[in-house]
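[1] Test case, fold it:
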Amino acid sequence: MTQPARVVESVISVCREAVSPPLAPTVEIVRLPEGDVVVAQIEATGRMHTKGGAVFLRHGRQTRRASGEEIRFLTLRETPEVYETLPCPGATWEDMDEAALRKYLAVRAPGALEQQGLTLTALATTLQFATQRGGETLPTVAGIVLFGLHPWRQFNWRLTALRFSGTVITDPIVDRLDAEGPALRAIEQGEMFLRRNLRVARLLVDKGTHFEEQDVPEYPLAAAHEAITNAVAHRDYDAPAQVFVRLYDDRLEIQNPGGLLPGLTLEKVLAGGLSRQRNPVIAEVLRQMGKMTTVGRGLALIQQEMESLGSPPPVFQSTEGLFLVTLPSRHREM
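    Presented below is the predicted three-dimensional model:
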């Protein structure tokens, strides 16, 4: 290589000016007996970059232009928040429960539907419950999740709750619930399932100056509610899997498809205050319905409620494909 310095300038220029978002490579000239070599290193950013308006993929020694489906996958991996605002696959406006949507709008935007020129589909589009494609109004994923007639049955977004007689998944199932319906109904059905299956013990509770006999549940209902609501609100709706609530003799497990979003760690989330959400539209409506907060306090509240009851601390596990909350039973040795 006769002009390595010029090559270095060229590489830096291309990365900064021709690539969007710009890249910041580390470039150096290595002197070898055979001649000079320019070595460029670029750390993975976790983002999708374009050059000349195109996206390229590297496979071994080959570089090729990404297909539309590959770009869609990369976009969802980088910004999964957009999925809930896309048209729900296979759904039409007839799959929306207009009565439920009107009931919500009557509280959220009183009198809006009586205004001249405002239609139900127009308001739904403004709130990202629907979108316009080719002159047709189509429900979004968020719209079907919140106001669909049969979202769990139609798209396998069920909440399945199981009560086991034992401590392993192969033990007999003594109660089962397959919740079908919009998100709010699924959450409420899941909570009803827990109420009828949770054990309550009559225990002496230390009040500081004296002991008092009280009924103590094996799990704080507030913690169980938070875990179920989070599972429904923050699950990955692009994944063909349901939310599981598994109640064993010694623990309660709530599992949902979809782990923490890129850039988040359990340590950061447990510290509280982080509220990046996979489904902000769904989460906001559930907040308005009184089912959750949107300020990143969910896991911290679960920890606090378990400690207040005198229970062992909860366990949180996150992988790329799922998030699992485990609440040890207060009465696990009974």
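
[2] Can you pull the domain assignment for this protein?
    Using automatic domain parsing, the domains assigned to the chain come out as 4-77, 83-147, 154-328.

[3] list the buried ones in stretch 177-193?
    177, 179-184, 186-187, 189-191, 193 (16 or more other C-beta atoms under 10 Å). Quick note: C-beta positions are derived from backbone N, CA and C, even for glycine.

[4] What of stretch 235-246?
    Arg235, Asp236, Tyr237, Asp238, Ala241, Gln242, Val243, Phe244, Val245, Arg246.

[5] So, low pLDDT: which residues of the stretch 51-200 of the chain?
    Along the stretch 51-200 of the chain, the model assigns pLDDT under 70 to residues 69-81, 116, 153-154.

[6] Please point out which parts of the helix or strand hosting Val232 sit buried.
    Assigned by DSSP states H and E, Val232 falls within helix 221-234. Buried residues in helix 221-234, counting neighbours by 16+ other C-beta under 10 Å, are found at Ala223, Ala224, His225, Glu226, Ala227, Ile228, Thr229, Asn230, Ala231, Val232, Ala233, His234.

[7] Among these, which one sits closest to Pro257?
    Ala231 (9.2 Å; C-beta to C-beta).

[8] Now that closest one: closest residue in space, sequence neighbours ignored.
    Spatial nearest neighbour of Ala231, excluding adjacent residues (C-beta to C-beta, 6 or more residues apart in numbering): Asn256 at 3.8 Å.

[9] show me the contacts for that neighbour.
    Asn230, Ala231, Val232, His234, Arg235, Asp236, Val243, Phe244, Leu322, Phe323 (C-beta atoms under 8 Å, 6 or more residues apart in numbering).

[10] what angle separates the host helix or strand of it from helix 221-234?
    Using DSSP H and E, Asn256 sits within strand 251-257. For strand 251-257 against helix 221-234, the angle by axes from the mean of the first three to the mean of the last three C-alpha atoms, to 10 degrees is 20 degrees.

[11] What pairs with strand 251-257, parallel or antiparallel?
    In the sheet, strand 251-257 lines up against strand 243-247 (antiparallel), strand 322-328 (antiparallel) (DSSP bridges).

[12] Just the residues contacting the longest one, thanks.
    Strand 322-328 has contacts (C-beta under 8 Å, 6+ apart) with 219, 223-224, 227, 230-231, 234, 250-260, 299, 302, 306, 311-318.

[13] mind running it again at 6 Å?
    With C-beta atoms under 6 Å, 6 or more residues apart in numbering as the test, strand 322-328 has contacts from 219, 227, 251-257, 259, 312, 314-317.

[14] before we move on, which element is the nearest residue to Asp249 once chain neighbours are set aside in?
    Spatial nearest neighbour of Asp249, chain neighbours left out: Thr167 (5.4 Å); criterion: C-beta to C-beta, 6+ apart. Assigned by DSSP H and E, Thr167 belongs to neither a helix nor a strand.

[15] so what's Thr167 up against?
    Tyr248, Asp249, Asp250.

[16] Most neighbours among these, which one?
    Per-residue neighbour counts (other C-beta atoms under 10 Å) across those peak at Tyr248, which has 19 neighbours.

[17] State the distance from that residue to Leu162.
    9 Å (C-beta to C-beta, to the nearest Å).

[18] same deal with Gln115?
    For Gln115, the distance to Leu162 - C-beta to C-beta - is 47 Å.

[19] For the residue nearest to Asp249, what are phi and psi?
    Torsion angles at Thr167 (phi, psi; degrees, to the nearest 10) stand at phi -120, psi 0.

[20] Of the contacts of Thr167, which is the nearest to Thr140?
    Closest to Thr140, out of all of those and judged by C-beta to C-beta, is Tyr248, at 36.6 Å.

[21] Surely the closest one and Arg163 touch.
    No - in this structure, Tyr248 is not within contact of Arg163 by C-beta atoms under 6 Å, at 8.4 Å.

[22] residues touching the most centrally placed residue in the chain, list them.
    Here the mean C-alpha position of the chain is nearest to the C-alpha of His234 (C-alpha atoms, centre = their mean), at a distance of 2.7 Å. Residues counted as contacts of His234 (C-beta under 6 Å, 6+ apart) are Arg278.

[23] Start from the N-terminal end of the stretch 101-250 of the chain and give the strands.
    130-133, 136-139, 159-164, 173-179, 200-206, 211-217, 243-247 (DSSP state E, counting those that start in this stretch).

[24] Which one of these lies nearest to Ala106?
    That would be, of those and by C-beta to C-beta, strand 130-133, which comes in at 17.7 Å.

[25] Pull out the buried residues from the closest one.
    Buried residues in strand 130-133 (16+ other C-beta under 10 Å): Ala130, Thr131.

[26] Give the pairing partners of it; include direction for each.
    strand 136-139 (antiparallel).
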